[in-house]
Structure formats: structure tokens, C-alpha cells
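K.L.:
generate a structure from the sequence data that follows.
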Amino acid sequence: MTELSRHPLDHLSPAAARLAAVFARPKVLAVLCIVALTGLGWLYLGLLIGEMGGSGAALGPGMAALDLLPRAWNVLCSPTFGMALMPEGEWGVSGFLLVGLMWMAMTLAMMLPSAAPMIYTYAEIADTAARKHEKVVSPFVLTAGYAAVWFGFAGTATIAQFALTKAALLNPSMASASGLFSGAVFIVAGVYQFSSLKNACLIQCRSPFPFFFTNWQTTPRGVFRLGVKQGLFCFGCCWAMMLVMFAVGIMNVVWMAALGVLMTVEKMTVTNRLTHAIGVFAIAAGLAFIATAFVAHWPAAAN
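P.N.:
The predicted structure is shown next:
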């Protein structure tokens, strides 16, 4: 990218030269990086939906198109959606791989939009450096470091899902099998919203410029490490909210999208009002889950 900014593009046609100059700018690459990788995450999840939704070829081309959205919605809201991923809840090498890929797609779909301000901040600094013909590294390297942290979370979540399934806290359709378990997850997530660690990580996510300014790197390895550090800040900020997926259904795409939006907006606000409001809601929801579970088991206990 730096070499392109240092050398003239006279050997290209005017249109190709303008296009090359645009794509040599870090800010353009940053936007493409966020859109492309987030899109890949949602695309993979969409393919999973397609595997369960079946083909609409028998309906004719017009009816198939009209039927696509309600069919997709019904599949997303189905409590047995996860059964299509692992029939009969069987785990094996292929099962671990499939669930691991699912969690990786979820992290791309949910977390990259929330990292957009951080990636774009890096790109703005890199864009300024590139205009001065200084050495810069592509935002893709930074994003790779960030994604590596969340892919690590995806691997851990896969193992946790296996353990929770074996403990009968998750059913084979990847939904919670225990109201007490769901309540505990919500309460943990809610309490963490008020913690000092959450606040410290959130500050770093909201204001990435000082971090990049004081830790600027001009080598791919150095920029990758910057991405890892920012990924750790993001993990410290959002891990508890990601665990909520265990309570509401791992493949509940409605909750997936809602949490992704909340985590993105949370990083763009300047106060902790939204953070604390989410915490209050999560604690209240957790208590409601627990109360409902006790009420459901009360007649059996009384008998």
C-alpha cells in the first residue's frame, strides 16, 4: 500500500489509476474489510438457514421468491433450528468443526460492526501517514489480530457448548434446557455491566485514538499485535453479553442481531447510561427466569 503511494501510476489508464489510488487508501480498505468480513459471517449463517429451509423450486420461481422471507423467519424462530446442524445432537470431529465454524461466523457477524470505530480510527491515522509517504500496514492486518481473539473465544465457546450439552443444561437444538441456568447467565451478564473491568475495557473501545497514537507500529507483526490488544479490550467489554446466547438459544438470530446492535451502540456512547440500563434489564430477566423455573417446579415439589 505504501509503495503504491510512493510511485506514479502513469503506466495505467486514467480510470485504472484513479481506482488504484482509491484502493490504496487505508480508510477505503478499512470499510471494505468491515463490510466483507461481517458479510461473510452473516452469509455463513444464512447458508445454515438455507440447509434447514429446504428448496423452494417446487413452488415455481415467483412463489419461491415470495416465500423466501417468511420461510427464513420461521426457520430462525424455530426452537429446533439447531437440530439441523447436528442431527440427534451427535458430537464428533465433524460436529466440533461445524459448531466451531458457526461460532466463528457469529463472532464476525456480531463483533466486527462494534469494532468499526476502532478499525476506522487506525485507518485515519494510517491514511495521514500514507499521504506523507510514511510506511503503513493494511487495516486487514489489524483486523486479523482482532479477529484472532474472538476466534479463540469461538473455540472456547464450542468446548463450553459441548460440556453444557453433556451436562443437560443445553438440549440438542442448542437451546437452554434449564430456566435456572438461563437466569444465572443473565444475572452474571447483568452484574458484569457494573464492574470496573467492564468500564475500563469500554473506555479503551470508545477512545482508541490515544492507544494507537502511543503504540503506533509500522510492521505487520506490530500492527497484528495492536489488533490482538484491541481484541482483548473488546473481549473484556463484551464476553458476558456473548454468553447470553447460551441462555436464549445459540442460533437465535433475532437475539444475535439485537446483541450485536447493542454492543455497537454501547461503544459509540459517551456515558454509561446504556451500559447500566442493559445491566438492570439483564438482572431483571435473570430473576424472572429463576422465578419462572421455581414456579414451574413448585407443584411437583409440593406433591
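K.L.:
the protein: helices as residue ranges?
P.N.:
Using DSSP state H, the helices of the chain run over residues 2-6, 14-23, 26-53, 61-77, 93-131, 139-166, 179-192, 196-206, 208-214, 220-248, 253-268, 273-302.
K.L.:
would you list those in TSV and tack on mean neighbour count, mean pLDDT and distance to S173?
P.N.:
C-beta coordinates here come from the backbone N, C-alpha and C atoms, glycine included. Shown next, in TSV, are these (neighbours: other CB atoms under 10 Å; pLDDT from 0 to 100; distance: least, CB to CB, whole Å):
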stretch	mean neighbour count	mean pLDDT	distance to S173
helix 2-6	14	44	50
helix 14-23	12	42	44
helix 26-53	17	56	11
helix 61-77	13	43	12
helix 93-131	20	84	13
helix 139-166	19	93	10
helix 179-192	20	96	14
helix 196-206	16	95	31
helix 208-214	14	92	39
helix 220-248	20	95	13
helix 253-268	18	87	14
helix 273-302	14	86	18
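K.L.:
these two touch, right, F289 and G190?
P.N.:
No. Assessed by CB atoms under 8 Å, F289 is found out of contact with G190, at 11.5 Å.
K.L.:
separation between the nearest residue to I250 once chain neighbours are set aside and W216?
P.N.:
Spatial nearest neighbour of I250, chain neighbours left out: M174 (4.1 Å); criterion: CB to CB, 6 or more residues apart in numbering. Going from M174 to W216 by CB to CB, to the nearest Å gives 42 Å.
K.L.:
higher neighbour count, the two?
P.N.:
Comparing M174 with W216 by other CB atoms under 10 Å, the one with more neighbours is M174, at 25 against 15.
K.L.:
how close does the more buried one get to A247?
P.N.:
Applying CB to CB to M174 and A247 gives a distance of 12 Å.
K.L.:
what does T218 give?
P.N.:
Using CB to CB, T218 is found at 44 Å from A247.
K.L.:
got it, and I125?
P.N.:
From I125 over to A247 the distance is 39 Å, taken as CB to CB.
K.L.:
do the same with H133
P.N.:
Taking CB to CB, one finds H133 at 52 Å from A247.
K.L.:
same deal with L98?
P.N.:
For L98, the distance to A247 equals 22 Å [CB to CB].
K.L.:
for P87, give me the pLDDT.
P.N.:
pLDDT for P87: 46.
K.L.:
same deal with S195?
P.N.:
For S195, the predicted pLDDT is 97.
K.L.:
need the contact list for A293.
P.N.:
S178, G179, L180, G183 (CB atoms under 8 Å, 6 or more residues apart in numbering).
K.L.:
please redo it, this time with the cut-off set to 10 Å
P.N.:
Neighbouring residues of A293 by CB atoms under 10 Å, 6 or more residues apart in numbering: S178, G179, L180, F181, S182, G183.
K.L.:
residues touching the fourth one, list them.
P.N.:
The neighbours of F181, taking CB under 10 Å, 6+ apart as the test, are L164, A167, A168, L169, L170, F246, A247, F289, I290, A293.
K.L.:
how about the residues you listed in TSV, adding distance to F140?
P.N.:
Converted to TSV, the contacts of F181 look like this (distance: CB to CB, whole Å):
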residue	distance to F140
L164	34
A167	40
A168	42
L169	38
L170	35
F246	31
A247	34
F289	41
I290	45
A293	46
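K.L.:
nearest spatial neighbour of V248, skipping sequence neighbours?
P.N.:
W255 (4.5 Å).
K.L.:
now do the phi/psi pair for the closest residue to T218 other than its chain neighbours.
P.N.:
Spatially, and ignoring its direct neighbours in sequence, T218 is nearest to K135 (4.6 Å; CB to CB, 6+ apart). Dihedral pair for K135: phi -70, psi 130, per degrees, to the nearest 10.
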